[in-house]
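A.B. asks: Quick one: sequence plus predicted model below, questions after.
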Amino acid sequence: MPVIKEAIILAGGLGTRLRSAVPDLPKCMAPVNGKPFIAYVIDYLRLQGIEKFILSLGYKSEAIISFINQEYSGLSIQYSIEEEPLGTGGAIAFAAKIAIEENILITNGDTIFKVDVLELSKQHLNTNAECTLSLKPMQQFDRYGVVELNAIQQVISFKEKKYYDEGLINGGLYALHLPQFFQKKFEEKFSFEKDYLEKYFSEQKMYGCIQNGYFIDIGIPEDYQKAQNEL
């Protein structure tokens, strides 16, 4: 069974909400127990069979490149550097131009979601999906919106952020079929979530793969602290 072997890691964000805890570094370089958070992301994806990486960078990209070249010199890593912020969608589209594979994994440099990439790949390829979202079941939360699926796991709605007793959240890790994605006419700057997922889910083949692996997003200081204890 073919497995997705190439990943784009979005690591260009300014990390404004984390500025109080990590004042002068890009968010993905925030140290967690002595090593930058992005190292945990790369190490986990390598364990899951990812062999080629594209890092989508912007803010303070030189700090990330210098760390990666030092610590991961033997790994196949390319850099896609934005001159100005392009939004999540623009960053993905820009980075994906240098991808080799047709189906790639997309994730964030400030989030770890320990999905089973083989399971995600299988579902994505078996359904000929354009995009498969990794969804995490959660209880009692208000920081995330909710994704609803039908009986065959197709996405049928995105619900806004508010308090939910339980629901499936978008874990920000996707399998994407690039030829179908690139058939759309996007602006140079766009949001992957709003201008792609939420706009096209009803007419495209978008599926959810429910995964209950460990999830942490270090975007706010409380969760950054939590990562120090958990990772």
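C.D. replies: Cool, the structure landed. Numbers count the residues shown, from 1 in each chain.
A.B. asks: so where's this protein shaky on pLDDT?
C.D. replies: 1, 14-23 (pLDDT under 70).
A.B. asks: Indicate each strand paired with the longest strand seen in it and its parallel or antiparallel sense.
C.D. replies: Secondary structure of the chain per DSSP state E: the longest strand is strand 164-177. Strands that pair with strand 164-177, judged by DSSP bridges, come out as strand 103-108 (antiparallel), strand 131-141 (antiparallel).
A.B. asks: For the spatially most central residue of the chain, give the beta-bridge partners.
C.D. replies: Centre of the chain computed as the mean C-alpha position; nearest residue by Cα atoms, centre = their mean is T107, 1.9 Å away. Per DSSP bridges, the residues bridged to T107 are I9.
A.B. asks: What of V146?
C.D. replies: Those that pair with V146 in a beta bridge, by DSSP bridges, are K159.
A.B. asks: if we can go back for a sec, check the strands paired with strand 164-177 for me and report the most buried one.
C.D. replies: Ranked by mean neighbour count, the strands paired with strand 164-177 are led by strand 103-108 with a mean of 24 (mean count of other Cβ atoms under 10 Å). Yep, even glycine has a C-beta here, placed from its N, CA and C like the rest.
A.B. asks: And the strands in the chain, which stretches?
C.D. replies: 6-11, 31-32, 35-36, 52-57, 76-81, 103-108, 111-113, 131-141, 146-149, 155-159, 164-177, 206-210, 215-217.
A.B. asks: L125: which of those is closest?
C.D. replies: The closest of the strands of the chain to L125 is strand 103-108. By Cβ to Cβ, the value is 6.9 Å.
A.B. asks: ok, N212 - contacts?
C.D. replies: By Cβ atoms under 8 Å, 6 or more residues apart in numbering, the contact list for N212 reads 136-137.
A.B. asks: circling back to that earlier point, now the strands paired with strand 164-177 as JSON lines including distance to E83?
C.D. replies: Output for these, formatted as JSON lines (distance: least, Cβ to Cβ, whole Å):
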{"stretch": "strand 103-108", "distance to E83": "21"}
{"stretch": "strand 131-141", "distance to E83": "27"}
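A.B. asks: burial of the closest residue to F201 other than its chain neighbours, as a residue count?
C.D. replies: Once flanking residues are discounted, F201 sits nearest to V155: 4.6 Å by Cβ to Cβ, 6 or more residues apart in numbering. V155 has 26 neighbours, counted by other Cβ atoms under 10 Å.
A.B. asks: Give me the neighbour count for Y164.
C.D. replies: 17.
A.B. asks: Show me what it is bridged to.
C.D. replies: Under the criterion used (DSSP bridges), Y164 bridges to F141.
A.B. asks: Quick check: it touching E148?
C.D. replies: No - counting by Cβ atoms under 8 Å, Y164 stays clear of E148, with 11.3 Å between them.
A.B. asks: So which of the strands paired with strand 164-177 is nearest A7?
C.D. replies: strand 103-108 (4.1 Å).
A.B. asks: Could you figure out how far that closest one is turned away from strand 6-11?
C.D. replies: With axes from the mean of the first three to the mean of the last three Cα atoms, to 10 degrees defining the directions, strand 103-108 sits at 20 degrees from strand 6-11.
A.B. asks: Quick check: D195 touching E188?
C.D. replies: No - look at D195 against E188 with Cβ under 8 Å: they stay out of range, at 11.6 Å.
A.B. asks: who's more crowded, the two?
C.D. replies: A direct count of neighbours by other Cβ under 10 Å for D195 and E188 places D195 higher, at 18 against 11.
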